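Colleague: pasting the sequence and the predicted model now:
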Amino acid sequence: MSELHSKSDLLKRQAELLGLTMEAVFTDEQAKEVLQGKITDAYLVKIKMDLDNKTGIILILASSIRKHILEVYSVFGSSTIFRRIRPFADFFQISTDLADIGKSSDGYDAQISESVGRIVYRFFTKEKLEEFLPLWEKKDPSRLSDQIEPLVLNGMKAGKAKLQAEIDKLSSAKFRFDNPMKGSISPIEKPQEEVAPAPELSSAPKAPTEMSSLERQIQLFRQNAQREIPVNTVISPISGVDFDNLLVGQEILFRIPPDHPDALPNATALGALDKEGKVSKEPIVGKFKGIASAKNEYHIFAEGPNQILLHSIEESPVKVATPKAIASVGSNQDKSGQVALPKKKPAEPQKTGNLYSLIGVFVALILIAFLVFILTAF
């Protein structure tokens, strides 16, 4: 059971990392390269600012590929912990120090933190971000002080503002997934556009809701698929293959759900009809493409016959049957599907004929001896 939980946790972690990465890139190929460490998808701007008698840290996470702000953190106050934070330090160490400030609440000014964070967030519009990204690619923070210092001074009506900054290139998911600030320091909410909202008309089409992480994963597998058919996974608890050990392109087995309303046309499309024109009970072979997962929900995708996308759903990790596994089981079965047992040899008939012959010879010898005795006596 613990092994299933660990595999479930691993799949959940992979799904969350993929979902976070997709917010910073355009394609699944880019996401894979980021998660494999081949490329980075974000800049982290680390700013330390003195504002009158307060000190603060501002972290700006921006996508280098989609070119938009992902997260902004702003923490200001008078805590002594600020003294040991340096902009050139590793982001994990900075985040840990900021989490300590948030947990202690002593010397943490939430109001100033929120106000400065919103000022900085509003400043980095799409157009402004495009001006800075070429500089951040070179890890050049020089223009930040020229533009942000007067902006914060005016917005906060402060008398003095001075900042230092450093820039890192990294994986956005790596920064966001296991960030020590979770639970103690929240990112600044994206400021709403300061325009009067238009009256909502009942006939006006509603904007599409943002897809969840699981929906984004499923959409990636559905790309370029001409047709998708729901199927059931063939499970083999003994000789099957665990989710973690499945390889892309590996052949795995499915069956068409017989109670599905479109079972017959689906079987026709997959060439899975028996001699009577009914849905065949024989498994369908598909080439494994991948798994999209969330909590207690695992979507298995494979390429079936005629390039049709096969899609099955499981509630927990299982061992998936392969043609090789079924063949090994089938070799020990007879035509009825039962395991063949060794046939007993028919019992050999007892050889009673030889016994009767020996008895006859013995009686004859006794008679001959008796006759010889009578003749010699008289």
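Modeller: Cool, got the structure.

Colleague: where along the stretch 201-350 of the chain do the helices fall?
Modeller: 213-222, 263-270, 323-330 (DSSP state H, counting those that start in this stretch).

Colleague: pull the residues that contact the longest one.
Modeller: Outside helix 213-222, the residues that touch it by C-beta atoms under 8 Å, 6 or more residues apart in numbering are 15-16, 18-20, 22, 28, 211, 228, 289-290, 292-294, 297, 299, 301, 309. Glycine gets a C-beta too; all of them are placed from N, C-alpha and C.

Colleague: now tabulate the helices of the stretch 201-350 of the chain in a markdown table and tack on mean pLDDT and distance to residue 61.
Modeller: Putting the helices of the stretch 201-350 of the chain into a markdown table (pLDDT from 0 to 100; distance: least, C-beta to C-beta, whole Å) gives the following:
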| stretch | mean pLDDT | distance to residue 61 |
| --- | --- | --- |
| helix 213-222 | 86 | 18 |
| helix 263-270 | 89 | 45 |
| helix 323-330 | 64 | 46 |
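
Colleague: dump these to CSV, plus distance to residue 145 and mean neighbour count.
Modeller: Below are the helices of the stretch 201-350 of the chain laid out as CSV (distance: least, C-beta to C-beta, whole Å; neighbours: other C-beta atoms under 10 Å):
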stretch, distance to residue 145, mean neighbour count
helix 213-222, 37, 18
helix 263-270, 64, 17
helix 323-330, 64, 13
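
Colleague: contact partners for residue 365?
Modeller: Residue 365 sits in contact with no residue, where contact means C-beta under 8 Å, 6+ apart.

Colleague: strands of the stretch 1-150 of the chain, start to end?
Modeller: 42-51, 54-63, 69-77 (DSSP state E, counting those that start in this stretch).

Colleague: indicate which one of the ones you listed is closest to residue 181.
Modeller: strand 69-77 (6.7 Å; C-beta to C-beta).

Colleague: output the contacting helices and strands for the closest one.
Modeller: The contact analysis (3 or more C-beta pairs under 8 Å, 6 or more residues apart in numbering; DSSP states H and E) places strand 69-77 against strand 42-51, strand 54-63, helix 91-104, helix 110-123, helix 172-177.

Colleague: can you put the helices of the stretch 201-350 of the chain in CSV and add distance to residue 44?
Modeller: Below are the helices of the stretch 201-350 of the chain laid out as CSV (distance: least, C-beta to C-beta, whole Å):
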stretch, distance to residue 44
helix 213-222, 22
helix 263-270, 49
helix 323-330, 47
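
Colleague: quick one: low-confidence parts of the chain?
Modeller: 1-8, 193-210, 325-358, 361, 370-378 (pLDDT under 70).

Colleague: domains in it, by residue range?
Modeller: Following automatic domain parsing, one finds the domains of the chain at 40-177, 213-330.

Colleague: got the ones you listed as CSV, with distance to residue 192 columns?
Modeller: Shown next, in CSV, are the domains of the chain (distance: least, C-beta to C-beta, whole Å):
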stretch, distance to residue 192
domain 40-177, 10
domain 213-330, 24
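
Colleague: name the nearest residue to residue 50, ignoring sequence neighbours.
Modeller: Spatial nearest neighbour of residue 50, excluding adjacent residues (C-beta to C-beta, 6 or more residues apart in numbering): residue 162 at 4.9 Å.

Colleague: thinking the one you found is in contact with residue 150, fair?
Modeller: No: using C-beta atoms under 8 Å, residue 162 is not in contact with residue 150, being 11.5 Å away.
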